[in-house]
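Colleague: take a look and give me a structure for this.
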Amino acid sequence: MADISALIGALQGQQIPFLEQEPLSRHTTFRIGGPAAVFCLPETPAQLLRTAELCREYGVRTYLLGNGSNTLFADEGFDGAVICTVDLRTPITVTGTTVSAAAGASLAAVCREAQKAGLTGLEFAYGIPGTVGGAVYMNAGAYGGELKQVLSRVTFLDSDLHLETLPVEELALGYRTSRFETDGGCILEATFQLQPGDPQAIEARMQELMARRREKQPLEMPSAGSTFKRPEGAFAGQLIEQSGLRGFAVGGAAVSTKHCGFVVNTGGATCADVIQLTDEIQKIVEEKTGYHLSREIRVVR
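Modeller: Numbering: from 1, shown residues only. Predicted structure coming up:
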């Protein structure tokens, strides 16, 4: 049985930063979600490991969170410990043509360090609103690129909290998936293998892709990024638009009028609103086009 009080006392005793009853809406790009019983903010890999050990010791379920760009928390919140990696204090390092970064580092920061070092290959990831850990977890991609093309190896804690490092070939990276979805584990660090390039050309490409994002995506509104996975042979946004669902809304959740592949929070949207809306979208799109859409966002209850 979970003992939240004992966990809180242990975290205090070991000086691991945490918050109680922290609204998860403050920590996701959707700006949706009730409170976490405990919101842990480890500052070092050792603190992260100890946090995970304590949660296991006291029977408290956990959820690992980066910057919450692909996550939808329930309105009731999370009755365990959310372990957030954004405060892990590990610098981004460049060695030759490799770049290594902690799980909590933003993809944008990694892209900038690569650009400054004259290393090309990560430009596609500039502007993806996520952390390294989250990007590895779902094999993030955009504009024809995906992480598995440049990822070299990943260091993580396995489901038994043992430290392990595996090459990209053993991570089962596929379309928006990896071994971490099925096997669990906590990603600590990723290393990317890049190629020498011209810093100015790299910067120009990054800015070009960012401009395209601003032009075509509803970045000015809270969302969790692309709401649905791309079905084989089609594009989710196009199918939703063809089904007459541009602007379709349930409560405060709506299909973006700028890009139908995004469900946005127009103000005060709840998790229930998003679930009902996406269920309706799936039903209508399948009726009208024959395609079944699968949610890309992770729903955490």
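
Colleague: buried ones in stretch 58-66, by neighbour count?
Modeller: Of the residues in stretch 58-66, 58, 60, 62-66 count as buried by neighbour count, 16 or more other Cβ atoms under 10 Å. (Glycine included, C-beta is placed from N, CA and C.)

Colleague: of these, closest to Leu41?
Modeller: Sorting these by distance to Leu41 puts Leu65 at the head of the list, at 10.2 Å, by Cβ to Cβ.

Colleague: for the closest one, what are its contacts?
Modeller: The contact partners of Leu65, taken as Cβ atoms under 8 Å, 6 or more residues apart in numbering, are 27, 71, 82-85.

Colleague: neighbour count added to those, as TSV?
Modeller: TSV is the format used below for these (neighbours: other Cβ atoms under 10 Å):
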residue	neighbour count
His27	21
Thr71	25
Val82	28
Ile83	23
Cys84	27
Thr85	26
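
Colleague: closest to Phe235 among the residues you listed?
Modeller: Closest to Phe235, out of all of those and judged by Cβ to Cβ, is Thr71, at 22.9 Å.

Colleague: ok, the closest one touching Arg295?
Modeller: No - the pair formed by Thr71 and Arg295 falls short of the contact definition of Cβ atoms under 8 Å, at 11.6 Å.

Colleague: how about the strands of the stretch 201-301 of the chain, start to end?
Modeller: 223-226, 249-250, 253-255, 262-265, 298-300 (DSSP state E, counting those that start in this stretch).

Colleague: what does the shortest one contact?
Modeller: Going back to what we said before, that points to strand 249-250. With Cβ under 8 Å, 6+ apart, strand 249-250 has contacts from 255, 266, 273-274, 276-277, 280.

Colleague: what do you get if the cut-off is 6 Å, keeping everything else the same?
Modeller: 273, 276-277 (Cβ atoms under 6 Å, 6 or more residues apart in numbering).

Colleague: now swap in the fourth one and tell me
Modeller: Under the criterion Cβ under 6 Å, 6+ apart, residues 30-31, 218, 221-223, 227, 253-254, 256 lie in contact with strand 262-265.

Colleague: any chance of those in JSON lines, with neighbour count, distance to Val99 and pLDDT too?
Modeller: Written out in JSON lines, the entries for these read as follows (neighbours: other Cβ atoms under 10 Å; distance: Cβ to Cβ, whole Å; pLDDT from 0 to 100):
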{"residue": "Phe30", "neighbour count": "25", "distance to Val99": "29", "pLDDT": "97"}
{"residue": "Arg31", "neighbour count": "19", "distance to Val99": "31", "pLDDT": "97"}
{"residue": "Pro218", "neighbour count": "17", "distance to Val99": "30", "pLDDT": "93"}
{"residue": "Met221", "neighbour count": "17", "distance to Val99": "31", "pLDDT": "96"}
{"residue": "Pro222", "neighbour count": "18", "distance to Val99": "30", "pLDDT": "97"}
{"residue": "Ser223", "neighbour count": "26", "distance to Val99": "28", "pLDDT": "96"}
{"residue": "Thr227", "neighbour count": "27", "distance to Val99": "30", "pLDDT": "96"}
{"residue": "Ala253", "neighbour count": "28", "distance to Val99": "37", "pLDDT": "98"}
{"residue": "Ala254", "neighbour count": "24", "distance to Val99": "38", "pLDDT": "98"}
{"residue": "Ser256", "neighbour count": "20", "distance to Val99": "33", "pLDDT": "97"}
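
Colleague: which one of those residues is nearest to Gly96?
Modeller: Ser223 (37.4 Å).

Colleague: the residue nearest in space to the middle of the chain sits in which helix or strand?
Modeller: With distances taken as Cα atoms, centre = their mean, the chain has Gly134 as the residue nearest its mean C-alpha position (3.9 Å). With the criterion set as DSSP states H and E, the secondary-structure element containing Gly134 is helix 132-138.

Colleague: now swap in Leu19 and tell me
Modeller: With elements taken from DSSP H and E, the one containing Leu19 is strand 18-23.
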